[in-house]
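Asker: Generate a structure from the sequence data that follows.
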Amino acid sequence: MKKIILTTTNSVEFGTIIEYMGLIQTCLILGNNAVSEFISGFTDLFGGFSNTLRSKFDELYENASKEIEDKARKKGADAVVGMKVDFEELAGKGKSMFMISIVGTAVKVKFDSEADEDKYSNEELYVNNTALNFELTKDEILRKLNDLEKRNMSTVEEWNPYLTDEQWNFILSYSLPEYAERLSDLYNAPKPSDTTQENYPRYIATLEIEDAKDIVYGNIQNALNVDNVDAEKIKKYKSIIKQLNLFDAKRLIGILNSDGIDINSLTPLLTLDKDIYRESDLKDMEELLSIFDNLKDKGRKEEVKGGLFSKASKIKFICPNGHANNEEVEYCETCYLNIKGLTITTVKEIENYRKKVLTLRTLMSNLK
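Answerer: Numbering: from 1, shown residues only. Here you go, the predicted model:
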């Protein structure tokens, strides 16, 4: 495995940077339980406790550095330059955690000679104990989560909480998308534990943004089946999107283009936001708006013949569910749907979304 050079400088010794491949970053957290254990178990404030805590910080740094190396390797980089490391204490609600964040620029390097390149590429392979314990813990939790397949999800409330606090602390300290499916099973259970409800959104926040969106929008799409809308599930994942600003018009387009989707249950997602809107985001948002504007009629206007006492025929509005209404009625007086199958709330949500899109277009135009 090729060694990745990590340096706080903006250059690489014995080499020339030939390509800048973008910023990479990672954030890892030392959870509340781990910190509490240190505080409750120390014998010498200036000896045992400080050494134990320092070793945990060293472990946290090693794991964060390994994650930076892995991300750089996936990009095809040779080094990460301008690396900055920051430790920060996060405190609140009686809890205390430590976070390490590392950021740097991935680069391709042309070395001055083959001998210089060999200094890095021919390093003897090794595995440290931290990496070994990390993999063992990760696999242990994954095996436990995979055991969910053998269980009856209808009775899941009987054995929640399923993960210990120590295991949750591990999960929340790293970005582990391989846990997503099973953790979603826990979160989607009939009666998820308080621990699961609290930690699952925090788990989503640890993931790369595209991985997080895959999970959240995938679960929402499953809940939008017109024959079996899961309003509670939609509400839960909408809350996660709101907390993390994960609005994504392109993914909503994908959902709308699927068969059997209940549009009235989807449009509340139009009220959500993202941190930054780029030109490509705006184009996706305009395409999404165009889909709503071009929805086909599900109801119809038709001529209905008069009854026994009237030979005159009348135009009636037949709603998508087949209810007959007077021609001038916009929303069915029985099921409250308009000719396109939308409720008045849905129409208002689309119009508010239209205002957002038009405002963004104006702001974007002013920047040119």
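
Asker: what about the strands in this protein?
Answerer: For the chain, the strands defined by DSSP state E cover 5-6, 15-30, 79-92, 95-111, 300-304, 314-318, 324-326.

Asker: Now tabulate these in JSON lines and tack on mean neighbour count and mean pLDDT.
Answerer: C-beta: built from backbone N, CA, C; applies to glycine. Compiled in JSON lines, the strands of the chain are given as follows (neighbours: other C-beta atoms under 10 Å; pLDDT from 0 to 100):
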{"stretch": "strand 5-6", "mean neighbour count": "18", "mean pLDDT": "92"}
{"stretch": "strand 15-30", "mean neighbour count": "16", "mean pLDDT": "89"}
{"stretch": "strand 79-92", "mean neighbour count": "14", "mean pLDDT": "85"}
{"stretch": "strand 95-111", "mean neighbour count": "18", "mean pLDDT": "86"}
{"stretch": "strand 300-304", "mean neighbour count": "11", "mean pLDDT": "89"}
{"stretch": "strand 314-318", "mean neighbour count": "16", "mean pLDDT": "92"}
{"stretch": "strand 324-326", "mean neighbour count": "14", "mean pLDDT": "94"}
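
Asker: need those in TSV with distance to residue 175, can you?
Answerer: Output for these, formatted as TSV (distance: least, C-beta to C-beta, whole Å):
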stretch	distance to residue 175
strand 5-6	18
strand 15-30	7
strand 79-92	17
strand 95-111	13
strand 300-304	51
strand 314-318	52
strand 324-326	53
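
Asker: Span of stretch 260-280 from start to end?
Answerer: 28 Å (C-alpha to C-alpha, to the nearest Å).

Asker: centre of the chain versus it, how much separation?
Answerer: Remark: stretch 260-280 is offset 14 Å from the chain centroid, using C-alpha atoms, centre = their mean, to the nearest Å.

Asker: Likewise for stretch 266-281?
Answerer: 14 Å.

Asker: just stretch 100-109 next, same as before
Answerer: The answer for stretch 100-109 is 23 Å, by C-alpha atoms, centre = their mean.

Asker: quick revisit: quick check: which of the strands of the chain is nearest to residue 205?
Answerer: strand 15-30 (9.7 Å; C-beta to C-beta).

Asker: now the helices: where do they sit in the stretch 201-350 of the chain?
Answerer: 209-223, 231-244, 249-256, 263-266, 279-293, 344-366 (DSSP state H, counting those that start in this stretch).

Asker: Can you show me the CA trace of the first one as CSV?
Answerer: Coordinates of each C-alpha in helix 209-223 appear next as CSV, following Å, rounded to 0.1, in the frame of the first residue of the first chain:
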residue,chain,number,x,y,z
ILE,A,209,-22.9,14.2,2.7
GLU,A,210,-23.7,12.1,-0.4
ASP,A,211,-23.8,8.9,1.8
ALA,A,212,-26.1,10.7,4.2
LYS,A,213,-28.4,11.8,1.4
ASP,A,214,-28.6,8.3,0.0
ILE,A,215,-29.8,7.0,3.3
VAL,A,216,-32.3,9.7,4.2
TYR,A,217,-33.9,10.1,0.8
GLY,A,218,-33.9,6.3,0.2
ASN,A,219,-35.9,5.9,3.4
ILE,A,220,-38.3,8.7,2.5
GLN,A,221,-38.9,7.2,-0.9
ASN,A,222,-39.8,3.9,0.7
ALA,A,223,-42.3,5.8,2.9
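
Asker: Check which helices and strands that helix sits against.
Answerer: helix 180-187, helix 194-206, helix 231-244, helix 249-256 (3 or more C-beta pairs under 8 Å, 6 or more residues apart in numbering; DSSP states H and E).

Asker: how far off helix 180-187 does that helix point, in degrees?
Answerer: Using axes from the mean of the first three to the mean of the last three C-alpha atoms, to 10 degrees, the inter-axis angle of helix 209-223 relative to helix 180-187 is 50 degrees.

Asker: Now for the nearest residue to residue 226 once chain neighbours are set aside: which residues touch it?
Answerer: In this structure, residue 226 finds its nearest non-sequential neighbour in residue 262, 4.4 Å apart by C-beta to C-beta, 6 or more residues apart in numbering. By C-beta atoms under 8 Å, 6 or more residues apart in numbering, the residues touching residue 262 are 224, 225, 226, 229.

Asker: Contacts for stretch 189-207 next, please.
Answerer: With C-beta under 8 Å, 6+ apart as the test, stretch 189-207 has contacts from 27, 153-154, 156-157, 160-163, 165, 168, 171-177, 179-180, 183-184, 186-187, 212, 215-216, 239-240, 243-244.

Asker: Give me the buried subset of the residues you listed.
Answerer: 27, 156, 160, 162-163, 168, 171-176, 179-180, 183-184, 186-187, 212, 215-216, 240, 244 (16 or more other C-beta atoms under 10 Å).

Asker: And stretch 293-307, how far out from the chain middle?
Answerer: 41 Å.

Asker: in the chain, which residue is closest to the centre?
Answerer: Central residue of the chain (C-alpha atoms, centre = their mean): residue 212, 2.1 Å from the mean position.

Asker: Could you double-check that that one lies in contact with residue 246?
Answerer: Yes: in this structure residue 212 lies within contact range of residue 246 using C-beta atoms under 8 Å: 6.3 Å.

Asker: What score does the closest residue to the residue nearest to the centre of the chain other than its chain neighbours have for pLDDT?
Answerer: In this structure, residue 212 finds its nearest non-sequential neighbour in residue 204, 5.0 Å apart by C-beta to C-beta, 6+ apart. As predicted, residue 204 sits at a pLDDT of 95.

Asker: what is the mean pLDDT for stretch 222-238?
Answerer: 93.
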